[in-house]
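>>> sharing a model prediction with you, sequence too.
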Amino acid sequence: MNLLEFISLVFSDYTVRTVTMGAAVLGLVSGVLSTYAVLRKQSLLGDAMSHAAMPGVVLAFMLTGAKEPLPLLIGAGLAGWLGALLVMLVVTQTRIKADSALGIVLAVFFGFGLVLLTSLQSSGSAQQAGLNKFLFGQAAALVLDEVLLMAGLGGGALLLVALLWKEFKLLSFDPDYAATLGFPVRRLDIMLTTLIVVAIVIGLQTVGVVLMSAMLVAPAAAARQWTDKLGRMVLLSGAFGALAGIGGIFVSYDVENLPTGPAIVLCASALVAVSLLFAPNRGLVAGWWRARRSRQRLRAAAVLEALYVMGEHHGDALHPHTLRSLQTALPGKDVQRALGQLQGEGYVFHNADGQWGLTQAGAETVETLLRETARE
Amino acid sequence: MVSEYPIHVEDLTVAYHDEPVLWDVDLQVPEGTLMAIVGPNGAGKSTLIKTILGLMEPAAGQVLIYGQGYAQQRQQVAYVPQRGSVDWDFPTSALDVVMMGCYGRLGWFRRPAGRERAAARAALERVGMQDFAARQISQLSGGQQQRVFLARALVQDARIYMMDEPFQGVDALTEKAIVSVLQDLRAQGRTVVVVHHDLDSVPQYFDRVLLLNVRAVAAGPVAEVFTPENIRITYGAKVKLALKNGNGH
């Protein structure tokens, strides 16, 4: 299936449309909230919370026997939230540091979830088959009601982010200062954490608990590369998340039996890779380019200065010299290339005898440079 | 009896994991003074101002701001945290950070508007940073970042200013700008408390000083309590005195 066929399917095929919308909603909501997780350096909290949701799903199924998503999602949300609360408790009440607390909670909850899941499997309960999708995600199973539920939950979360815009910004940048201004930092913290739980719950069926944490890091990490404004970062992160969601559905339709979770996460990772490499200012390529340019400028300045100094020995700054003598004066530098560049810019000339000399503009540039160095 | 001091600290003890960081500290800061808190590393200087600001819970004792608790009086107090306490790679501009000083006044949900923007610009000008308003904060030098933090506190237009190491690692220009703001604040009758590292400049910049090393060694006018003897007690005998000319007066 090519991209065009996929797009036409989105508009014509009910199932494809439902699944794509679901993945887009998931990407948008987790993308927006990932901004805060990343800026507050809480990416690992998302990881712990999503893994902690697993036993909640299985327990909710065991208690209700329901296959509908709502009770299972409520169970997931409660367990994820409990996991986050436990991390906070461990950090504030004991001397265990946050990273260890996160690791412990993640392992204990997820392990417990797997034990429950396995025991269900061995008891031969036929219905449990549906629970496996919570591990790696299976968007194909989404129905419209579930997507609408996800959209409702996600819309509520986004509305809160918009309402509490300045509060969440301040909390993320400088929580101590926020507290001195009288904002209830603890409660805002819990609220933001709860919103991240909402994002996880939305992503459970599509991405699964194992890889959900990637959706709480990747969109924001990619978005941060492109902008220095929080507002734009949030919008871009949401857009990247949605794009990864839709892209993941496209990829998983193309590859037989590929769960949607890994496909979506791979798309998000591709966005991160492109952003890390090619973003202006913060991108690696832009950085290499800047370093190259500044090396060239330094080399050119050294050549100009050498020409000037050597010329002054002849009592004339504009006196030309052979390439050989310049290379002797500046060992280890690519003098020829610098000269070619400087000639193009009109700072040096190349005469009929093959000698190089400063033009008037070149001499003036060196004099300015020397004055600036002297002042410093 | 109700204390009318801007800051009144009584029998304050603060502990971290059963380890006392501050022990039975008493302090009264009179209105309109510039006060330095000095002491060695781990003396509890930052802990003291964080406890005054209600960021840490005392194990014993109390803090009064104009005779009441911090929660009732927080509009009177502005805080300049240590520059290193935040991540300056946060996606925001200098002007935006300064506007955060208005957030407390604005209250819930309301966004800063033209008035707040004007106040933030004026504050940036007071610290000589008006040309950097739109600059991404990670592109500022350390001294410029410090001045942005100071401007943010100025926007609060408070009667009491608490500053944690504002002179830490800043350039000469920034130091001058901060000192001039401090003197302006005192001239307006405001009270300023500064955690300070450089003993040499204490007599020059401040009129009162608290010498702190878990306990309050001495507090009062610089001329009276900033003596070599008190400094020796505060820093311990093994520390060489930084003072070159007696107590500087």
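Received it, and whenever you're ready, just let me know what you need.

>>> residues in contact with the spatially most central residue of chain B?
Residue closest to the average C-alpha location in chain B (Cα atoms, centre = their mean): residue B:163, at 1.5 Å. The contact partners of residue B:163, by Cβ atoms under 8 Å, 6 or more residues apart in numbering or on different chains, come to B:79-80, B:150, B:153, B:192-195. For every residue, glycine as well, the C-beta is placed using N, CA and C.

>>> same thing but at 6 Å, please
Contact partners of residue B:163, counting by Cβ atoms under 6 Å, 6 or more residues apart in numbering or on different chains, are B:80, B:194.

>>> now it: which helix or strand?
Element membership for residue B:163, per DSSP states H and E: strand B:160-164.

>>> that strand pairs with which strands, and in what direction?
strand B:77-80 (parallel), strand B:191-195 (parallel) (DSSP bridges).

>>> I'd like the distance from that strand to the chain centre, please.
Strand B:160-164 has its C-alpha centroid displaced from the chain centroid by 3 Å (Cα atoms, centre = their mean, to the nearest Å).

>>> what would the strands paired with strand B:160-164 look like in a markdown table with mean pLDDT and distance to residue A:325?
Listed next are these as a markdown table, based on pLDDT from 0 to 100; distance: least, Cβ to Cβ, whole Å:
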| stretch | mean pLDDT | distance to residue A:325 |
| --- | --- | --- |
| strand B:77-80 | 97 | 59 |
| strand B:191-195 | 97 | 61 |
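
>>> mind putting the ones you listed into JSON lines with mean neighbour count?
Below are the strands paired with strand B:160-164 laid out as JSON lines (neighbours: other Cβ atoms under 10 Å in any protein chain shown):
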{"stretch": "strand B:77-80", "mean neighbour count": "26"}
{"stretch": "strand B:191-195", "mean neighbour count": "25"}
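
>>> now these in JSON lines, with distance to residue B:112?
Output for the strands paired with strand B:160-164, formatted as JSON lines (distance: least, Cβ to Cβ, whole Å):
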{"stretch": "strand B:77-80", "distance to residue B:112": "17"}
{"stretch": "strand B:191-195", "distance to residue B:112": "25"}
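
>>> among these, which is nearest residue A:370?
strand B:77-80 (42.4 Å; Cβ to Cβ).

>>> so what touches the closest one?
A:180, B:53, B:149-150, B:153, B:156, B:158, B:160-163, B:166.

>>> and with 7 Å instead?
Taking contacts as Cβ atoms under 7 Å, 6 or more residues apart in numbering or on different chains, the residues outside strand B:77-80 that touch it are A:177, A:180, B:53, B:65, B:149-150, B:153, B:156, B:158, B:160-164, B:166.

>>> how about the nearest residue to residue A:267, chain neighbours excluded?
residue A:247 (3.7 Å; Cβ to Cβ, 6 or more residues apart in numbering or on different chains).

>>> tell me, how many residues neighbour that neighbour?
Neighbours of residue A:247 under the rule other Cβ atoms under 10 Å in any protein chain shown: 21.

>>> what do you get for residue A:243?
Based on other Cβ under 10 Å, the number of other residues close to residue A:243 is 20.

>>> pull out the buried residues from the host helix or strand of it.
Per DSSP H and E, residue A:243 falls inside helix A:230-254. For helix A:230-254, burial by neighbour count (16 or more other Cβ atoms under 10 Å in any protein chain shown) applies to A:230, A:233-253.

>>> mean confidence score for stretch B:159-167?
On average, the pLDDT along stretch B:159-167 is 96.

>>> got it, and stretch B:51-66?
95.

>>> and the closest residue to chain A within chain B, how far from residue A:179?
Chain A sits closest to residue B:104 of chain B, with a gap of 3.4 Å, by Cβ to the nearest Cβ. Counting by Cβ to Cβ, to the nearest Å, the separation of residue B:104 from residue A:179 is 10 Å.

>>> what do you get for residue A:242?
34 Å.

>>> and residue A:327, by the same measure?
From residue A:327 to residue A:179 the distance is 64 Å (Cβ to Cβ).

>>> the two: who's more crowded?
Neighbour count, other Cβ under 10 Å: between residue A:327 and residue A:179, residue A:179 has more, with 21 against 15.

>>> up against chain A, what does chain B have?
Selection of chain B residues close to chain A by Cβ under 7 Å from any Cβ of the partner chain yields B:17, B:53, B:55, B:74, B:77, B:79, B:81, B:85-86, B:90-92, B:100, B:103-104, B:109, B:111, B:136.

>>> among those residues, which are in strands?
B:77, B:79 (DSSP state E).

>>> ok and the residue in chain A nearest chain B?
Closest point on chain A to chain B, by Cβ to the nearest Cβ, is residue A:181, at 3.4 Å.

>>> wait, that residue sits on residue B:103?
Yes - shown here, residue A:181 and residue B:103 form a contact pair, counting by Cβ atoms under 7 Å, at 5.7 Å.

>>> now the strand or helix carrying residue A:273: average pLDDT?
Assignment of secondary structure by DSSP H and E places residue A:273 within helix A:260-278. Averaged over helix A:260-278, pLDDT sits at 95.

>>> and that helix, which residues are buried?
Buried-residue list, helix A:260-278, by 16+ other Cβ under 10 Å: A:260-269, A:271-272, A:275-276.

>>> so how far is the helix or strand just after it off the chain centroid?
Once the chain leaves helix A:260-278, the next helix or strand it forms, by DSSP H and E, is helix A:284-313. Centroid separation between helix A:284-313 and its chain, computed with Cα atoms, centre = their mean, is 35 Å.

>>> for helix A:284-313, which helices and strands make contact with it?
helix A:260-278, helix A:323-329, helix A:335-344, strand A:356-358, helix A:360-375 (3 or more Cβ pairs under 7 Å, 6 or more residues apart in numbering or on different chains; DSSP states H and E).

>>> ok, which of these comes nearest residue B:143?
helix A:360-375 (20.9 Å).

>>> and that closest one, average pLDDT?
For helix A:360-375, the per-residue pLDDT averages 84.

>>> could you point out which element follows the strand holding residue B:163?
That would be, after strand B:160-164 and using DSSP H and E, helix B:172-187.

>>> average pLDDT across that next one?
For helix B:172-187, the per-residue pLDDT averages 95.

>>> how far off strand B:160-164 does that helix point, in degrees?
150 degrees (axes from the mean of the first three to the mean of the last three Cα atoms, to 10 degrees).
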